[in-house]
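1. need coordinates for the below:
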Amino acid sequence: MKRHYSRPYSRFPDPGELNKRVLFYTRQDEPIGGSGIQAANQDEHTVWGKLIPVSDTLRLHSFQINKTITHKIIVRYRQSLYSSDQAVINGVVYLIRGVTDIHSAGRFLSFSCEEMSSQPERGNDFG
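-> Take a look at the predicted model:
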């Protein structure tokens, strides 16, 4: 087996590394009643992915641009995922800050994300 010495999110994942169920969606707030809002998720897609915590160095550099990056999510390439702005893995919500086609090969996407919170009210278990 060939060793990979590069960063884990800059290479193509090996088979079996995409071992987390990831729900991608676009959040759309809708008004309810007189002064409330309700989140209505649109364009939901559930795919297999890989969750990678980022290094402290990358996290510190992301503070400088006011877009905190805490994790990377790697999935197989799907054009429909580009419009997603949130992802859920094991009930944890990740706000998508950016997406990159790894090596511009059209095989895998890397999402730069910020961990937001747990999502206990959702009944689905993605993990």
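
2. which parts of this structure are helices?
-> For the chain, the helices identified by DSSP state H occupy 56-63, in order along the chain.

3. show me where pLDDT drops low in it?
-> In the predicted model of the chain, residues 1-10, 56-67, 117-127 satisfy pLDDT under 70.

4. give me that answer again for 80
-> Low-confidence regions of the chain, defined here as pLDDT under 80, cover residues 1-11, 15, 28-36, 38-41, 55-69, 117-127.

5. scan it for its longest strand.
-> Determined from DSSP state E, the single longest strand within the chain is strand 36-53.

6. contact partners of that one?
-> The set of residues external to strand 36-53 that reach it, using CB atoms under 8 Å, 6 or more residues apart in numbering, is 8-9, 13, 17-32, 70-76, 78, 80-81, 83-84, 89, 126. To be clear about C-beta, it is placed using only N, CA and C from the backbone, and glycine gets the same treatment.

7. now, which of the residues you listed lie within strands?
-> Where these overlap with strands, as defined by DSSP E, the overlap consists of 20-32, 71-76, 89.

8. which among those residues count as buried?
-> Buried residues within the ones in strands among the contacts of strand 36-53, counting neighbours by 16 or more other CB atoms under 10 Å: 20, 21, 22, 23, 24, 25, 71, 72, 73, 74, 75, 89.

9. so how far is residue 37 from the first one?
-> Distance of residue 20 to residue 37, computed by CB to CB, to the nearest Å: 30 Å.

10. and what of residue 80?
-> In this structure, residue 80 and residue 37 are separated by 25 Å, where distance is defined by CB to CB.

11. which residues does residue 54 contact?
-> Counting by CB under 8 Å, 6+ apart, residue 54 touches 69, 70, 71, 72.

12. just give me the neighbour total for the nearest residue to residue 110 once chain neighbours are set aside.
-> Counting by CB to CB, 6 or more residues apart in numbering, the nearest residue to residue 110 once its immediate chain neighbours are dropped is residue 100, at 4.7 Å. Residue 100: 14 surrounding residues under other CB atoms under 10 Å.
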